[in-house]
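Engineer: How does the following fold in three dimensions:
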Amino acid sequence: MEIDLNADLGEGYGDWRMGDDDALLDVLSSANLACGFHAGDPTIMQHAIGRAMARGVDIGAHVGFPDRQGFGRRVIAYDDSERAAMVLYQLGALTGLARAAGARVSHMSFHGAMGNLAAANKAYAAPMLRAVAAFDPSLIVLSSTSPAIESAAAEAGLRVVTSFLADRAYTADGMLVSRRLPGAVIHDTAAVLDRVRRLLHDGTVLTHDGSLLHIPARSILLHGDTPGSLALARAIRDAISEAGGRVVPLSQQSANAHDA
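Structural biologist: As a prediction, this is how the structure comes out:
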């Protein structure tokens, strides 16, 4: 079994840093880098790209609303063309920096409110995914379980890889529980590892209401800004090895690899 170990990184700004990105890059196989809208700036992006290259970590664009104060988690009303342009702008920024360093961007994912809205509504997701395809049809779309994103991406000719969010609670229909609700973010390390082991064993997760949900994940994601994220990343990597799996970046996974 091949599975990617992933985190959202580069989410500081200026002299302010969030999380221990450099240490996490020693453990991860891919990283989603903030592209300057919800967080990040050119210097942080450039630094993260260099560190990822040195460690053989896949580089992905993590795109969201231009909302640093709200960390991209506030819903902001934009029309389809505006959101598509925002996606292109962020992809272009990261790709330009990566190309100058001799690296490539292998995947993209939606952040925060933009991602939640896209996951729940195909019509909302479609213009942004058409923009991704117009920019680079080889980009992998990394997403939590979402028929809306999967369908819109397929129509745009894009490949989707399902990511399991190890520290986030799921609803029975596979959506993420709103952060406004208690228990939406799972802080207990033992509980997170139990969820990972269940996923690796039988491909399921226990949802917020106690039901079992199948998740065909090829990537496990944790949040780099979560306290203790480095220790958690190491523990998840150990759990993958103990289950007989291999941590492999998305771009290097076998085309015929079985889903987790």
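Engineer: Could you tell me how far the helix or strand where residue 83 lies lies from the centre of the chain?
Structural biologist: Residue 83 belongs to helix 80-101 when assigned by DSSP states H and E. Centre-to-centre, helix 80-101 and its host chain are 16 Å apart (CA atoms, centre = their mean, to the nearest Å).
Engineer: For that helix, which helices and strands make contact with it?
Structural biologist: Here helix 80-101 touches helix 42-55, strand 58-63, strand 105-110, helix 122-135, going by 3 or more CB pairs under 8 Å, 6 or more residues apart in numbering; DSSP states H and E. (Glycine included, C-beta is placed from N, CA and C.)
Engineer: Out of these, which one sits most buried?
Structural biologist: Greatest average neighbour count among the helices and strands packed on helix 80-101 goes to strand 58-63 (a mean of 28), per mean count of other CB atoms under 10 Å.
Engineer: Look at residue 248 and say how many residues are nearby.
Structural biologist: The local packing of residue 248 (other CB atoms under 10 Å) involves 21 other residues.
Engineer: State the distance from the closest residue in space to it that isn't next to it in sequence to residue 234.
Structural biologist: Leaving aside its chain neighbours, residue 248 sits nearest to residue 2 (4.2 Å; criterion: CB to CB, 6 or more residues apart in numbering). As judged by CB to CB, to the nearest Å, residue 2 and residue 234 stand 19 Å apart.
Engineer: These two: which is more packed in?
Structural biologist: Legend: neighbour count by other CB under 10 Å for residue 2 and residue 234, higher for residue 2 (19 against 15).
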